[in-house]
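> pasting the sequence and the predicted model now:
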Amino acid sequence: MGRRIGTFVASFIVWCLLAYPWSEAGGWDWQSIIVGLGAAALVAVILSDALALRPAKFLNPVRWFWAAVYLPVFIYYCIVANLHVMYLVLHPDLPIKPGVVKVKTRLVSNAARTALANSITLTPGTLTVDVTDDGYLYVHWLVVESAEMKAATEKIVERFEGWLERIIE
Amino acid sequence: MKKLATEERDGMSTIVRTVTRWVSAFIILYGLYIVAYGHLTPGGGFPGGVIMAGGFVLLMLAFGKKRLTALLPVARASALDCLGALGFWLLAVAGLVFGGGVFFRNFLPHGLRLRLWSAGIIPLCNVAIALKVTASLVLMLVALSVLRVKAGGTDEDFVSDIEEE
Amino acid sequence: MDLLPLIVAVPLLAGFVLPLVPKRAERLADGLALLTAAVLAALSIVALRMPDCIYAIGGWNPPIGINFVLDGASKLMLLVVCVITFVITLYSPAYMVRFTGKRKFYALFFLMVAGMNGVVLTGDMFNLFVFIEIASIASYALVGFGCQKEELEASFRYLVLGSVASSMILLGIALLYAKMGTVNMAHLSDKIAAAGGLGGAGPTTPEGKASALLIFATVLFICGLGLKAALVPFHAWLPDAHPSAPTPISAMLSGLLIKTVGVYALARVLFSVIGITPVVSNVLMILGALSMVVGVFVAIGQWDFKRLLAYHSISQMGYIVLAIGLATPLGVVAGLFHLVNHAIFKPLLFLTAGSVEYRTGTRQLDQMGGLNKKMPVTGTTSFIASMSIAGVPPFNGFFSKLLIIIACFQAGRYGFAIAAVVVSILTLASFTKVQKYAFFGPLKQKWGRITEVPATMAAAMALLAVLCLASSALMLKGPREFLLGNAQRSLTERQEYVERVLGNKHAGGDESLKSF
Amino acid sequence: MVYLLCLVLFLIGIYGVLTQRNLIKIILSLAVVESSVSLFLILLGYRVGGIAPIETAARPHESFIGMSVDPLPQAMVLTAIVISLGVLALSIAIAMRLYQRYGTYDVTQIRNLRG
C-alpha cells in the first residue's frame, strides 16, 4: 500500500509539473487537477511498485540532507574528472591505458547500486559495464591505474559509496 | 554479459531493472497527459497510446514477459483492444442518436476555449483511441518479440504463447 | 439518410465485437456474423430505394469534411457487395470449422467488408485510400489465415505488392493535393476541369505544369489501382493469393475485393475526378484486353481448381476494364453488367471448388471425377456457374459479354471485339475441361464414401446459382435502366457528380480554401 | 527539388523491394517507400518560416491563420503512418511465420508457388 501511495504522490506531482494547472487563466485549473488525480491513481493501480520498493525512505529528512550535500560533491568529482580527461586528450602522447576492471561494492539495495553505477558512468573516464547480483561491478576505465580489485575499488567506488549509503541504503 | 545469460531469470541487469522501475510510471503518466491534452496541444490518442505502450514494453524488456503478462494478460489486452475500438464506434454512432442524426456529430457541449473540458467528444475519442492503440501495440510487440521462432517448429510452440485464453 | 453511415459502421461493429465473443460460444459468433451480413444486405436494398444524396460526416459540409456519396454506381456496388457478402457468410460457418480462431476470421472478414463499403461510398480521396487500406490489410491477413507454407508465401507476396500499390495511390493523392489544394473528389474534379483536365484542352492556366503533374498522378493511379485490380502487367500476386486463402475469402477476393478497391476505385478516380481522355481510355482498353487474353491462356493449362479460377478472374477483370475503358455509355453499362455477373458466378465457382476440397481434400482436377453422383448440388451449381462464365445463352454471362462485344463494335474497336469473342470460346473450353474432369465421367474408387456438403453451404451455392439466372433479367430494359443505367450516368456525367456534392455554388472553389 | 528527392527515395525503396532477396530487407524497403510518401505529403504542407498551427492563450487562431504551416497534410500523414505501421507489423509477423516454416529468410528458397 505504501508503494502505491508513493507512486500516486510522485505521479501527481509530475502531472502538475507537466500540465501546470496554476498558470492557465490566472487561477487554478481544477479540471486539470481532477484529471491529474485520476491519471495518477490509474498509474498507481497499474504499477504497484513502480517508484521505490520502500517509499517510506523518501520521508526521512536526513536522507534529503545528505542528498543535498552529495550533489555539490558529485559535481566537484565530475569537474575534476572532466579536467583530467581534457588533460589526457590534449596531451601529445595521449597517455591512456583503457581496460575493464572488476570492483566490489558494499552497497546492498538495487537502488543504491544503480545510483552508484550511474555516478561512476556520469564521471568521465569511468563507465559501468555491468553489475552482478553479488555486488561486483565491471567498470571500463580510461586509465587503468591498478588492475587489482581492492586498489581499483578504492579509486573508483569508495569516493561515492559512503554518501550513497547515507542517502539511499 | 556471459553472467547474464547463465542467470535463471529473464529480463536485464539490476541497473536496467531499477531505472525501469523509476521511470516506467512517469512514462505511462506522460502518455496519459498526452492523451488528456490531445485536443489542446500536439498529441492525442495515437501518440499517447504509443508512449504508454512504450512504457509497458520497457517493463517487458527489463523484467521479462511474465511480469508484463501478470500486469496485462494477453486475453485482457485483447479485450481492451476491442473495447477501445468499440468505444470509438459508440462515440461515432452516438452522434447519429443524440446529434440530430449526423454520424460523428460533435454532440457534447464544447466548453470553454483552451480548457481541458472543451472540444466535445474529441477528448473522449482520444481516450478510446489511446486504449485501442496501447492494447494493440502491446499485443503486437509481445507477439513479435517474445515468441521464439524455431525454424521448422510446429504450430504448438508458436501459438501457445499468444493463445492462452 | 441516417442509414447511410451504418453501412460502414455495422460491419465495423461486427469486427470489434466478434473477437469479444467467448471462445466456447462459436455458435454465437456464427449467428452474429450471419445477422450482421443480413442487416447489411437489408441496408443495401434500402439504400437502393433512396434518392441520390450526399452525407456529410460530422456535419461538415463537402469541400471541408469527409462526405459519403450515394449515387447510381455506389448503389449498384453496395447491392453487389452486401448481397454477395451475405451469401458467403452463409457458407462460412460450416466451412471454417477446420480452422482455429473462427472469431478472428469473422473480425477480419467484416473489417474487409467495411473497407469495401467505405471505398464504394466515400467522396474523399484520402478517405478512399484509408478504406482501400482497411480492406487490403484485412485481406493480406486473411490470405495467410491458414498459416501453411504456401498461404504465408502468397500472403507475403500479396502484401508487398499491395503496399507498393497503396504507396503509389497515396503519392498520386499527394500530387493532386499539391496541385489542387483539396482532397474532396468533387472539389478536385471541379478544379481539374477548370485547370483544363488531363489533355489540356480547356482554358490554359497560368501554371503550365498542371497537366504534367496530373498525368503523373494519373499514371500512379492506374498503376496502383491496376495492381489492386490485378490487371495483367501487375497481376503476379493474384494467382497465388486467391487460391491460398480459405474458400470464403477466395470468393470474397475474386468476387468483390478486386472489383471494389480495384475497378470501381479506378473508374471513380478516372471518370469522376480526373476526367477520362482518349489516351486514358486506350490505356485501359489495352490493359483490359491484355488481361483478358493472358489470363485465359494461362488458365487453360492449370490443373489446380482454385488456381484455374484465379487466372479466369484476371481474364474476366480484363473484360470489365475493357468495357469500362470504352467510355461510351453502352460500354460502361456492359462493363458494370459484367462486373455484377462476375461478382455472382466467380464466388459461386470458388464456393463449389471449396466444397469439393471440403469433402475430397484435393484441389487437383485430375484426381477428381464423377463427383456429380455424390455431390449433386455442388455439381449442378458448378455447371451453371461454368456456363455463365463461359457465356452460354440462358445464363447471365452471355448477355454481358454480348453487350461488351456490341459496345466494342459500336465504338469501332473491332479488334477488341474479336479478342473478346475468342477469349470467350477459350473460357468455354477451359470450363468444359473442369466439368469433364471434376464432375462428369466415372466416379473414382476413393471417392465412394463422400457425401454432399452441409446444408448451409449447399444453400449458399444454390442461392448464387439462382442469382446467376436471375441477373440475366438485367438485360431487360426496366431493370437495366434502374440499376446499370443510373450507375453508368453517375460515373460518366462528371458535372452532375460535382453539382450533387458541392451544390450549385461551385465554380472554381472557395477563395478561403486556396490559401494553402 | 526537395520533392524530387522524395521521388528518388520512393524509387530507391521500389528498387529494394524488387532486388532484395532477404525478407527482412524487403520489408525495410517497403518501409522506405512508405516513408518517402509520408515525407512528400508532409513537405507539401510546409511553408518557409511557418509556425505550428497550435492555438494557445497567447496566440489565438486568428493571428496565425495565414502564416502557419498547413495542418491537413499532418493529419493525413499521421493516418498514413498508422496504416504503414499496421502493414509493417503484419509483414514482420508473416516473415516470422515464413521463417518458421521454411527455416530461411531468403526469398529465392521460398518458392513453392509458381509465379
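Sure thing, it's come through.

> give me every residue in chain B lying close to chain C.
Those residues of chain B that sit near chain C, judged by C-beta under 8 Å from any C-beta of the partner chain, are B:78-79, B:81-83, B:85-86, B:89, B:92-93, B:95-96, B:99, B:101-106, B:155, B:165. All C-beta spots, glycine's among them, are computed from the backbone N, C-alpha and C.

> just the buried ones from the residues you listed?
The neighbour count (16 or more other C-beta atoms under 10 Å in any protein chain shown) marks B:78-79, B:81-83, B:85-86, B:89, B:92-93, B:95-96, B:99, B:102-106 as buried among these.

> among those, which ones are in helices?
Among those, DSSP state H puts B:78, B:79, B:81, B:82, B:83, B:85, B:86, B:89, B:92, B:93, B:95, B:96 in helices.

> low pLDDT regions in the stretch 251-400 of chain C?
Applying pLDDT under 70 to the stretch 251-400 of chain C flags no residue at all.

> all helices of it, in order?
For the stretch 251-400 of chain C, the helices defined by DSSP state H, counting those that start in this stretch occupy C:265-267, C:278-300, C:305-326, C:329-360, C:371-374, C:376-390, C:396-410.

> what packs against the longest one?
Based on contacts counted as 3 or more C-beta pairs under 8 Å, 6 or more residues apart in numbering or on different chains; DSSP states H and E, the elements that helix C:329-360 packs against are helix C:72-95, helix C:247-252, helix C:305-326, helix C:371-374, helix C:376-390, helix C:396-410, helix C:455-470, helix C:486-492.

> would the second one count as contacting chain D?
Right, helix C:247-252. No. Figure legend: helix C:247-252 not in contact with chain D (C-beta under 8 Å from any C-beta); closest approach 14.6 Å.

> count of neighbours near residue C:236?
Close neighbours of residue C:236, defined as other C-beta atoms under 10 Å in any protein chain shown, add up to 15.

> now name the helix or strand holding it.
Under DSSP states H and E, no helix or strand contains residue C:236.

> which residues of chain A score low on pLDDT?
A:22-27, A:48-56.

> show me the strands in it, by range?
Taking DSSP state E, the strands of chain A run over residues A:99-104, A:126-131, A:136-141.

> of those strands, which is nearest residue D:22?
strand A:126-131 (32.4 Å; C-beta to C-beta).

> which residues sit against that closest one?
If you take C-beta atoms under 8 Å, 6 or more residues apart in numbering or on different chains as the criterion, strand A:126-131 is touched by A:81, A:100, A:113-114, A:117-118, A:120-121, A:137-142, A:156, B:1, B:3-4, B:13-15.

> so what's residue C:248 up against?
Per C-beta under 8 Å, 6+ apart, neighbours of residue C:248: C:88, C:89, C:91, C:92, C:95, C:96, C:109, C:351, C:354.

> look up the closest residue to it, ignoring the ones flanking it.
Nearest residue to residue C:248 in three dimensions, chain neighbours excluded: residue C:92, at 4.5 Å (C-beta to C-beta, 6 or more residues apart in numbering or on different chains).

> do residue C:371 as well
Closest to residue C:371 by C-beta to C-beta, 6+ apart is residue C:439, at 5.1 Å.

> circling back to that earlier point, among the helices and strands packed on helix C:329-360, which is nearest residue C:37?
Short answer: helix C:72-95, nearest of the helices and strands packed on helix C:329-360 by C-beta to C-beta, at 3.9 Å.

> average pLDDT for the closest one?
Mean per-residue pLDDT for helix C:72-95: 91.

> for that helix, packing partners?
Here helix C:72-95 is seen to pack against helix C:26-49, helix C:102-121, helix C:247-252, helix C:329-360, helix C:455-470, helix C:486-492 when contacts are counted using 3+ C-beta pairs under 8 Å, 6+ apart.

> show me what the last one is packed up against.
Other helices and strands packing on helix C:486-492, by 3+ C-beta pairs under 8 Å, 6+ apart, are helix C:72-95, helix C:329-360, helix C:494-502.

> quickly check: whichever strand or helix holds residue D:88 near chain B or not.
If you go by DSSP H and E, residue D:88 is part of helix D:71-102. Yes. Using C-beta under 8 Å from any C-beta, we find that helix D:71-102 touches chain B at D:78, D:82, D:89, D:92, D:93, D:96, D:97, D:99, D:100, D:101, D:102.

> identify the residues contacting whichever residue of the stretch 401-516 of chain C sits closest to chain B.
Residue nearest to chain B within the stretch 401-516 of chain C: residue C:501 (16.7 Å; C-beta to the nearest C-beta). The contact partners of residue C:501, taken as C-beta under 8 Å, 6+ apart, are C:54, C:62, C:67, C:69, C:123, C:184, C:185, C:186, C:187.

> lowest-confidence one in those residues?
Here the lowest pLDDT out of these sits on residue C:62, with 77.

> once you drop chain neighbours, what's closest to it?
Closest to residue C:62 by C-beta to C-beta, 6+ apart is residue C:501, at 5.1 Å.
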